[in-house]
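In: based on what follows, work out the 3D shape:
(one chain, ligands or ions: 1)
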Amino acid sequence: MTSAKIYYDSDADLGLLMGKTIVFLGFGNQGAAQAQNLRDTGIHNEQIIVANRTDAYAEDAKSKGFNVEHDFGKAAEVADVVFILIPDQVQPRVFNEQFAPKLKANATIVVASGYNVFFKLLKFKPTQDVVMVAPRMIGSSVRSLYVKGTGFPCFVSVDQDGTGNGLPMALALSRGIGATKTGAIASSAREETAMDLFAEQALWPNIIMIFREAFSVLREAGCSDEALCYEMWMSKEPAEIFEAAADEGFITQLKHHSTVSQFGQLSGAFKLDGVEMRKHFKHILHKQILNGKFCEEFSKIETELDKEGPENPLNELYRRCEEETELGQAEKRVRSRLAAASGSS
Ligand code: NDP
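Out: Residues are numbered from 1 along each chain as shown. Alright, predicted model coming up:
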């Protein structure tokens, strides 16, 4: 059994950030939230630079009072700390070509996801610190929970300690964005990547498959599209179950369900032995994720994800979900009927 260290505000010294120039490469979901949190923690606005191309994100940063630099090389030259908060798939291209060559030898580089660090897709100097401060929240919640004063869950790690001061810096930056308020969990780029990609490539694909097949079986047995959509997800019951699981306990929340439901769920779960599933999960983890196979394959199609229409492989997958599954087709019909009904009422 392993347990992780948890860092709180009292473990972090904000004084380490005094006088440092902190650059946010990207002002999207995470960038906008983290930059505002850092400033509200007391880091002077003059210390913060948002590096962004000339567009709506840059305008948003300006409207919030930030100094914006469009020339990434110039931003890199002055950065003591850089938060890389642009999409994972474009980070190697943008950071390695435009940022890394100009970055100080003792800079602290902060990522919010372990992917590019674990798969060694970013170029760092051995004298630089590479730390991960990875909120377990979407950007809007990183901001709203900070404003509320409650904080948010986060992973923190030092994946390269070039200066020997990586951990104190990682903790100071975590505190700056509000991540040590409720406790930042010590992790690593490897652990974060393994869990993140496992959820995306093993857990959720199975959940999508289970919903898709359950939908078809119940439909074949005569259940209507409307009843199925509401029963399975549109009522938001699954969202409430997960919320109760987070608040009260994964199994304890079952106590809110009827006795018939509790008995059905618990006895049903014990009837499934899980052996094949465990084999499948291990295969995905070791032969697809940790060995770099997925990363290699994804790198090959990464540039195609900017394309419009069917040439974009992601668009093609969405099309197949909508057109080739009963669940996708039925939901589309139900939603358009509901929209028509609400329009006419
Ligand atoms: P976004 O998609 O919101 O990033 C948008 C920002 O990236 C904008 O500033 C955009 O500016 C810039 N950008 C996009 N493409 C390029 C490009 N080719 N060149 C330069 N800049 C570009 O990213 P997220 O905030 O979602 O993700 C950032 C990091 O945070 C990732 O590592 C992600 O894994 C991690 N993360 C994200 C979470 C989330 O909730 N989304 C949760 C936890 C971690 P412009 O288009 O103007 O260039």
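
In: show me the domain layout of this protein.
Out: 6-187, 192-344 (automatic domain parsing).

In: list the residues that contact the residue nearest to Asn96 when sequence neighbours are not counted.
Out: Distances taken as CB to CB, 6 or more residues apart in numbering put Lys123 closest to Asn96, at 4.7 Å, once the chain neighbours are dropped. Glycine gets a C-beta too; all of them are placed from N, C-alpha and C. Neighbouring residues of Lys123 by CB atoms under 8 Å, 6 or more residues apart in numbering: 95-96, 100.

In: most neighbours, which of those residues?
Out: Phe95 (24 neighbours; other CB atoms under 10 Å).

In: do you know the pLDDT at that residue?
Out: On pLDDT, Phe95 comes in at 97.

In: any idea how far Phe270 is from Phe242?
Out: Per CB to CB, to the nearest Å, Phe270 is found 21 Å from Phe242.

In: between the two, who's got more neighbours?
Out: Phe242 (12 against 8).

In: secondary structure class for the more buried one?
Out: helix (DSSP: H, G, I helix; E, B strand; the rest coil).

In: for the one 3 residues further on, same thing?
Out: For Ala245, the secondary-structure state derived from three-state DSSP is helix.

In: that one contacts Leu254, doesn't it?
Out: No: the criterion here is CB atoms under 8 Å, and Ala245 misses it with Leu254 at 9.1 Å.

In: tell me which of the domains of the chain sits most buried.
Out: domain 6-187 (a mean of 19; mean count of other CB atoms under 10 Å).

In: work out for me the element Gly73 sits within.
Out: Element membership of Gly73, judged by DSSP states H and E, is helix 72-78.

In: contacting residues around Phe292?
Out: That one is not Phe; residue 292 is Gly. Counted by CB under 8 Å, 6+ apart, Gly292 has contacts Phe119.

In: tell me the spatial nearest neighbour of Asp225, not counting adjacent residues.
Out: Nearest non-adjacent residue to Asp225 (CB to CB, 6+ apart): Ala330, at 4.0 Å.

In: whoops, Gly151 was the one
Out: Lys181 (2.7 Å).

In: which of the three states applies to the one you found?
Out: Lys181 - assigned by three-state DSSP - is coil.

In: now it. Its backbone dihedrals?
Out: phi -60, psi -50 (degrees, to the nearest 10).

In: please apply the same query to Val50.
Out: According to degrees, to the nearest 10, Val50 has phi -100, psi 120.

In: spit out the contact partners of the residue in the chain that the ligand sits nearest to.
Out: Residue nearest to the ligand within the chain (CB to the nearest ligand atom): Gly28, separated by 2.1 Å. For Gly28, the contact set (CB under 8 Å, 6+ apart) comprises 57, 85-87, 139.

In: so for it, what's the pLDDT?
Out: 97.

In: need the residues of the stretch 101-250 of the chain near the ligand, please.
Out: 112-113, 134-135, 138-139 (CB under 6 Å from any ligand atom).

In: can you tell me how far the closest residue in space to Leu285 that isn't next to it in sequence sits from Phe294?
Out: Leaving aside its sequence neighbours, Leu285 sits nearest to Phe198 (CB to CB, 6+ apart; 5.7 Å). Applying CB to CB, the value for Phe198 to Phe294 is 11 Å.

In: ditto for Asp40
Out: Asp40 is 38 Å from Phe294, by CB to CB.

In: spell out the secondary structure type for Phe263.
Out: helix.

In: gap between it and Leu254?
Out: Where Leu254 is concerned, Phe263 sits at a distance of 10 Å (CB to CB).

In: what sits up against the lengthiest helix in the chain?
Out: The residue-count maximum for a helix in the chain (DSSP state H) belongs to helix 326-344. For helix 326-344, the external contacting residues (CB under 8 Å, 6+ apart) are 211-212, 215-216, 219, 225-226, 228-229, 234, 321-323.

In: would Val23 count as being in a strand?
Out: Yes: assignment of Val23 by three-state DSSP places it within a strand.

In: which stretches of the stretch 51-200 of the chain form strands?
Out: Assigned by DSSP state E, counting those that start in this stretch, the stretch 51-200 of the chain shows strands spanning 67-69, 81-84, 108-111, 129-135, 154-161, 184-186.

In: between those strands, which gets nearest to Asn315?
Out: strand 81-84 (26.6 Å; CB to CB).

In: what lines up beside that closest one in the sheet?
Out: strand 22-25 (parallel), strand 108-111 (parallel) (DSSP bridges).

In: now the first one: how far from the chain's centre is it?
Out: Averaging C-alpha coordinates over strand 22-25 and over its chain gives two centres that are 19 Å apart (CA atoms, centre = their mean, to the nearest Å).

In: which residues does that strand contact?
Out: 31, 34-35, 38, 43, 47-52, 69, 72, 75-76, 78-86, 94-95, 99.

In: please repeat the previous calculation with a cut-off of 6 Å.
Out: 31, 35, 47-51, 75, 79, 81-86 (CB atoms under 6 Å, 6 or more residues apart in numbering).

In: just to revisit the earlier point, from the contacts of Lys123, pick the one nearest Ile6.
Out: Phe95 (29.6 Å).
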